[in-house]
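**Student:** I would like the atomic coordinates for the input below:
(2 chains)
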Amino acid sequence: EPEVTQTPSHQVTQMGQEVILRCVPISNHLYFYWYRQILGQKVEFLVSFYNNEISEKSEIFDDQFSVERPDGSNFTLKIRSTKLEDSAMYFCASKERQITPQHFGDGTRLSIL
Amino acid sequence: QKEVEQNSGPLSVPEGAIASLNCTYSDRGSQSFFWYRQYSGKSPELIMSIYSNGDKEDGRFTAQLNKASQYVSLLIRDSQPSDSATYLCAVNMPPRSGGYNKLIFGAGTRLAVHP
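**Tutor:** Residues are numbered from 1 along each chain as shown, chains lettered A, B, ... in the order given. Next up is the predicted model:
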């Protein structure tokens, strides 16, 4: 069964450094998302992406965050200058059509020191 | 008012029993509803999706939706210890300013199935 893949599984970074989290969505999916989950808290929406542009972003997704689909398969989340509070699990998700379910990758655990 | 609410649990049931998990949501415009299972340290795994009022069954799982009451539930029959996990209710919220239906998650209900 096709799946969403994310790399790396764990990223440790010094505060203030840039990080790029990578995702390969399911190949025939058209809608892409990033979510995050701080330890012990709920899964929170960050950003949605469709037709090569951001379609919605949350208040969390400030100027330090950006997303890109550099080619036909990858979908990346960049955090420009990381803060301690960015430590969380980051999940990429994709879906085929507007009402179909979103499928999640295994996540990247981001630890900011 | 929270957008998607769930009882955090833990909900403890004996093996073989029916586990009943509940969720309410605030936005009447929501069109689609999902249950995800999340094991500790893992990603959400889709269990059920439901789009119209009534019941939807898939194996040991039954999802129930009542849009008038803004209520979604998940029943797990013949519960097994391997069902022990956190169950996340997720609602496709209609976009407020463009966008394509982000998921809003509840905090999850922790289910413990004991032998």
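**Student:** Can you tell me the centre-most residue of chain A?
**Tutor:** In chain A, the residue lying closest to the centroid (C-alpha atoms, centre = their mean) is A:Trp34, at 3.3 Å.
**Student:** Pairing partners for the host helix or strand of that one, with directions?
**Tutor:** Using DSSP states H and E, the element containing A:Trp34 is strand A:31-37. In the sheet, strand A:31-37 lines up against strand A:44-50 (antiparallel), strand A:88-95 (antiparallel) (DSSP bridges).
**Student:** Show residues contacting it.
**Tutor:** A:21, A:23, A:25, A:43-50, A:60, A:67, A:69, A:75, A:77, A:88-98, A:102, A:104, A:107, B:100, B:102-103 (C-beta atoms under 8 Å, 6 or more residues apart in numbering or on different chains). Backbone N, C-alpha and C define where each C-beta goes, glycine included.
**Student:** What residues does residue 16 make contact with?
**Tutor:** Picked chain A for this. Going by C-beta under 8 Å, 6+ apart, A:Gly16 touches A:81-82.
**Student:** Switch to chain B, please.
**Tutor:** For B:Gly16, the contact set (C-beta under 8 Å, 6+ apart) comprises B:78-79.
**Student:** Just give me the neighbour total for the residue in chain A that chain B sits nearest to.
**Tutor:** Here chain A gets closest to chain B at one residue, A:Glu56, 2.8 Å apart by C-beta to the nearest C-beta. By other C-beta atoms under 10 Å in any protein chain shown, the residues close to A:Glu56 number 21.
**Student:** just A:Cys23 next, same as before
**Tutor:** A:Cys23 - counted by other C-beta under 10 Å - has 26 other residues nearby.
**Student:** so who does it touch?
**Tutor:** A:Cys23 makes contacts with A:4-6, A:32, A:34, A:74-77, A:92, A:105, as judged by C-beta under 8 Å, 6+ apart.
**Student:** Among those residues, name the buried ones.
**Tutor:** Neighbour counting by 16 or more other C-beta atoms under 10 Å in any protein chain shown classes A:4, A:6, A:32, A:34, A:75, A:77, A:92, A:105 among these as buried.
**Student:** So the fifth one is in contact with A:Ile54, correct?
**Tutor:** No: with contacts defined as C-beta atoms under 8 Å, A:Phe75 does not count as touching A:Ile54, sitting 11.7 Å away.
**Student:** Check the contact lists of the two and give me the overlap.
**Tutor:** Both A:Phe75 and A:Ile54 are contacted by A:Val67, under the criterion C-beta under 8 Å, 6+ apart.
**Student:** Which of the helices and strands in chain A ranks last by mean pLDDT?
**Tutor:** strand A:53-57 (a mean of 90; mean pLDDT, DSSP states H and E).
**Student:** From the opening residue of stretch B:91-110 to its closing one, how far?
**Tutor:** In stretch B:91-110, first residue to last residue: 18 Å (C-alpha to C-alpha, to the nearest Å).
**Student:** Thanks a lot, catch you later.
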